[in-house]
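*Asks:* Need coordinates for the below:
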Amino acid sequence: MPHAAILRIAYHLPENEVTNANLAKDFEDWDADKIFDKTGIAARRIAGGGEVASDLAFEAAENLFRAAPELRGKVDFLLYCTQSPDFFLPATACILQDRLKLRTSTGALDVNQGCSGFVYGLALANGLIESGAARNVLLLTADTYSKYLNRRDRGVRTVFGDGAAATLIGAVGGDNASLGPFIFGTDGSGAANLIVATGAGRKPRSSATAIESEDKSGNWRSEDNLFMNGPEIFNFTLKSVPPLVEALLSKAGTRYEGVDLFVFHQANRFMLDRLRQKIGIPSEKFVLELEDCGNTVSSTIPIAMQRVAARGELRAGMSLMLVGFGVGYSWAGVMMRVHPEFGAGNGTE
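*Replies:* Take a look at the predicted model:
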């Protein structure tokens, strides 16, 4: 039976950079240093007015194909993970198949998932490959949360950035699986704590939903904007992620010392520091890669992985734990072994 392995990652960030100094002009009581102290983010990239998530995904995929042109003709399945689709229908994955000039025999599927979406995408790719349905799966992750943010809502505007990643998962030989085991979790009772409430079937947008109001923290938004209950998201994370890590270690038959690197969803530095300390992960094994790009939702993990690889810090056979968590509530984790084909220099920004 074939096993699945991550073979390449590339990513793309939009050109427009918004620094903390830029944001401080809109939030008089928060200077640039205060924003950094609270988030660990110094800058984030924001898509242009006519630039959508699939544009970023396209560029990330093209970066991957520029590094390895032969892969374009070998993709059997395209998975597109986003919460910023081009249209309600058709699936944006179908549009990307045509735009990327992939074969018409390629399967294409949208996945509406956020912060845990990369791990969910890896699980779907793993299933396609191990079942024999595909040999090479292109997983694209892209989000443009900036389109949903109110300029006067510092709770979200300081945190989120736009970005995309392209990950090639392929069938490999050998006795040891490169991906797995996986752990998943869902608690939909927390859905309202990170939500864009209007615009789809449940609540269409209207003049009434566009009315802005101020909350008790001084943030302004309408029902058409993204709402995040920061304290509740923080509590959910501290409650759900440590048991996930323990369950995944147990399922993999290993302990903390058997993991070379922990790559968590790059939400913000404060949350990640608290998680690392609560779980007991040494700082030298814990990846932080969000200072210059912010929280890019479904793309934070692959962007972090690619940057570590580009610095030459990944070696074949290394054991990594990948953990995503957030909107939904949804959480997921996977153990992986670094395949020899994935290493320094695979893909670019």
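
*Asks:* Tell me who's in contact with residue 72.
*Replies:* By C-beta atoms under 8 Å, 6 or more residues apart in numbering, the residues touching residue 72 are 65, 100, 101, 102. C-beta: built from backbone N, CA, C; applies to glycine.

*Asks:* Output those as a markdown table; include the columns pLDDT and secondary structure.
*Replies:* A markdown table is the format used below for the contacts of residue 72 (pLDDT from 0 to 100; DSSP: H, G, I helix; E, B strand; the rest coil):
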| residue | pLDDT | secondary structure |
| --- | --- | --- |
| 65 | 98 | helix |
| 100 | 98 | coil |
| 101 | 98 | coil |
| 102 | 98 | coil |
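
*Asks:* from the residues you listed, which would you call buried?
*Replies:* Burial by neighbour count, 16 or more other C-beta atoms under 10 Å: within the contacts of residue 72 this picks out 65, 100, 102.

*Asks:* Tell me the one of these nearest residue 115?
*Replies:* Proximity of these to residue 115 (C-beta to C-beta) peaks at residue 100, which lies at 25.1 Å.

*Asks:* The residue minimising distance to the centre of the chain and residue 21, how far apart?
*Replies:* In the chain, the centroid-proximal residue (C-alpha atoms, centre = their mean) is residue 298; its distance is 1.9 Å. Separation of residue 298 from residue 21 (C-beta to C-beta, to the nearest Å): 28 Å.

*Asks:* How about residue 85?
*Replies:* When distance is defined by C-beta to C-beta, residue 85 is 33 Å away from residue 21.

*Asks:* Comparing those two, which shows the higher neighbour count?
*Replies:* Each of residue 85 and residue 21 has its neighbours counted (other C-beta atoms under 10 Å); residue 85 has more, 19 against 13.

*Asks:* That one: what's its closest spatial neighbour, skipping adjacent residues?
*Replies:* Nearest residue to residue 85, sequence neighbours excluded (C-beta to C-beta, 6 or more residues apart in numbering): residue 92, at 4.9 Å.

*Asks:* Now the phi/psi pair for the one you found, please.
*Replies:* phi -60, psi -30 (degrees, to the nearest 10).

*Asks:* contacting residues around it?
*Replies:* 53, 54, 80, 82, 85, 86, 110.

*Asks:* downstream neighbour of the helix or strand the second one falls within in the secondary structure list?
*Replies:* In this case it means residue 54. Here residue 54, judged by DSSP states H and E, is contained in helix 53-67. The helix or strand immediately downstream of helix 53-67 is strand 77-81, counting by DSSP H and E.

*Asks:* Just checking: what are the partner strands of that following strand?
*Replies:* The strands beside strand 77-81 in its sheet (DSSP bridges) come out as strand 107-111 (parallel), strand 136-143 (parallel).

*Asks:* outside of that strand, which residues touch it?
*Replies:* With C-beta under 8 Å, 6+ apart as the test, strand 77-81 has contacts from 54, 57, 91-93, 96-97, 100, 102, 106-111, 113, 117-118, 120-121, 124-125, 128, 133-134, 136-142, 298.

*Asks:* again, only using 7 Å
*Replies:* The contact list for strand 77-81 (C-beta atoms under 7 Å, 6 or more residues apart in numbering) reads 57, 92-93, 96-97, 102, 106-111, 113, 117-118, 121, 124-125, 128, 134, 137-141, 298.

*Asks:* what do you get for stretch 35-52?
*Replies:* Applying C-beta under 7 Å, 6+ apart, the set of residues contacting stretch 35-52 is 13-14, 16-20, 23-24, 56, 84, 86, 144, 146, 158-163, 268-270, 290-294.
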